[in-house]
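Asker: Give the three-dimensional model of this entry:
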Amino acid sequence: MARARNIKPGFFKNENLVELDPFDRLLFIGLWCLADREGRLENRPRRIKMELFPGDNYDAAQGIAALERLGFVETYEADGKSVVAVVNFLKHQAPHGTERDSELPDRHGDYTTHSRGAAGCVKKSTSSKNNDLGEKLTVNAPLFNVELPLDNVNPPLSNVELPLDNALIHRFSDSPNPDSDSLRSSCAPQGEAPEPKAKQKRASTIPADFEPNETCISLAAELGVPLGQELPKFRDHHSAKGTTMKDWQAAFRTWLRNAKQFARPSPRDSPAESRRQQQDDWLNQLIPGRQQKRHDDERTIESTPRLVG
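Answerer: Take a look at the predicted model:
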């Protein structure tokens with residue numbers, strides 16, 4: 001099964017790779033996807049061609065030979081199996097912890113196996129080999145068992161810090177390599193508890209005994225809003241509507257600001273009323289007896305009986 005692998009920008013600038021045919025370069029990438037966690041796959045050119053180039057007239061055997069001439073892969077026979085191994089595979093790839101052990105030997109006939117934790121994640125690597133009697137012996141082996149460097153293909157990015165996941169070609173839904181988040185969660189060290197998530201407040205109706213805190217009281221005094229008038233309005237309004245809020249103190253602060261912003265001025269304080277009063281005062285000064293006449297007219301109107309039809 002093909003697997004998702006990493007590709008770095010240095011691949012496209014490698015001086016040796018540019019000498020290859022474009023299809024051979026594409027084959028090199030395809031071999032990463034077909035290889036197991038140790039970078040090995042069966043040397044079956046016809047099957048490789050059908051996996052990677054089903055619609056193209058391409059000779060996979062010649063492509064593998066071209067890659068081997070430049071030292072990018074090696075082919076060998078070991079323990080009765082024909083193998084293609086990607087050189088320095090584990091230096092540039094990070095197989096998922098739950099990926100199965102390789103079923104193919106290295107060039108010395110050794111099989112790499114891994115001890116795994118409870119979640120099936122790799123903890124350490126061992127290598128088993130056949131002795132003279134054909135019995136398999138298990139010996140300690142480093143996890144990275146490929147020695148030839150391939151520095152020109154993937155040079156270090158000294159001035160750029162990019163997470164490895166950003167360099168992935170694409171992650172297919174059927175890939176055995178999940179994304180980095182699931183890798184971290186499924187392969188966390190044993191005994192290490194995940195960080196608890198902060199509990200989010202749930203919205204609720206206004207408490208029957210709701211009282212403003214010090215911040216609300218200070219804000220009301222600063223705005224000049226009468227707290228004794230606005231608090232009952234606030235309670236009755238939200239109780240009648242069944243409003244739900246996560247923070248009722250914050251809601252009351254908003255209520256106070258709105259009360260200040262949308263407060264209706266009294267008629268005496270309104271600009272229009274003030275202007276009318278100024279005009280009356282001015283006319284009263286110009287016309288003697290005008291104010292007294294207006295009072296007499298108002299009393300006459302009040303004393304006149306109203307006719308009910």
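Asker: can we go C-alpha only for contacts and neighbour counts from here?
Answerer: Noted.
Asker: Now the phi/psi pair for residue 86, please.
Answerer: Backbone geometry at residue 86, expressed as degrees, to the nearest 10, gives phi -80, psi 120.
Asker: Identify the residues contacting it.
Answerer: Shown in contact with residue 86 (Cα atoms under 8 Å, 6 or more residues apart in numbering): 31, 32, 35, 39, 40, 72, 73, 74.
Asker: Look up how far residue 74 lies from it.
Answerer: 7 Å (Cα to Cα, to the nearest Å).
Asker: Go through the contacts of residue 86 and flag which are in strands.
Answerer: Of the contacts of residue 86, the ones assigned to strands by DSSP state E are 40, 73, 74.
Asker: which among those gets closest to residue 81?
Answerer: Set against residue 81, the nearest of the ones in strands among the contacts of residue 86 by Cα to Cα is residue 40 (11.3 Å).
Asker: Which pLDDT value goes with that closest one?
Answerer: If you check residue 40, the pLDDT there is 93.
Asker: which residues in this protein form strands?
Answerer: Under DSSP E, the chain gives strands at 40-42, 73-78, 81-86, 111-116, 122-130, 136-140, 204-205, 244-245.
Asker: Now do the contacts for residue 105.
Answerer: 78, 79, 81, 111, 112.
Asker: distance of the nearest residue to residue 98 once chain neighbours are set aside from residue 99?
Answerer: Distances taken as Cα to Cα, 6 or more residues apart in numbering put residue 121 closest to residue 98, at 4.8 Å, once the chain neighbours are dropped. To residue 99, residue 121 is 8 Å away according to Cα to Cα.
Asker: Which one of the two is surrounded by more residues?
Answerer: It is residue 121, of residue 121 and residue 99, that has more neighbours when counted by other Cα atoms under 10 Å, with 20 against 15.
Asker: coming back round to it: between the strands of the chain, which gets the lowest average pLDDT?
Answerer: When the strands of the chain are compared on mean pLDDT, strand 136-140 scores lowest, with a mean of 47.
Asker: sorry, back to before: quick one: which of the ones in strands among the contacts of residue 86 is most hemmed in?
Answerer: In terms of neighbours by other Cα under 10 Å, the ones in strands among the contacts of residue 86 top out with residue 40 at 25 neighbours.
Asker: Now distance to residue 208 too, for the contacts of residue 86, in JSON lines please.
Answerer: Listed next are the contacts of residue 86 as JSON lines, based on distance: Cα to Cα, whole Å:
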{"residue": "31", "distance to residue 208": "69"}
{"residue": "32", "distance to residue 208": "66"}
{"residue": "35", "distance to residue 208": "67"}
{"residue": "39", "distance to residue 208": "68"}
{"residue": "40", "distance to residue 208": "70"}
{"residue": "72", "distance to residue 208": "75"}
{"residue": "73", "distance to residue 208": "75"}
{"residue": "74", "distance to residue 208": "78"}
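Asker: buried ones in stretch 49-56?
Answerer: For stretch 49-56, a neighbour-count test (16 or more other Cα atoms under 10 Å) marks 49, 52, 53 as buried.
Asker: pLDDT weak spots in the stretch 51-200 of the chain?
Answerer: Within the stretch 51-200 of the chain, the segments meeting pLDDT under 70 span 119-120, 123-198.
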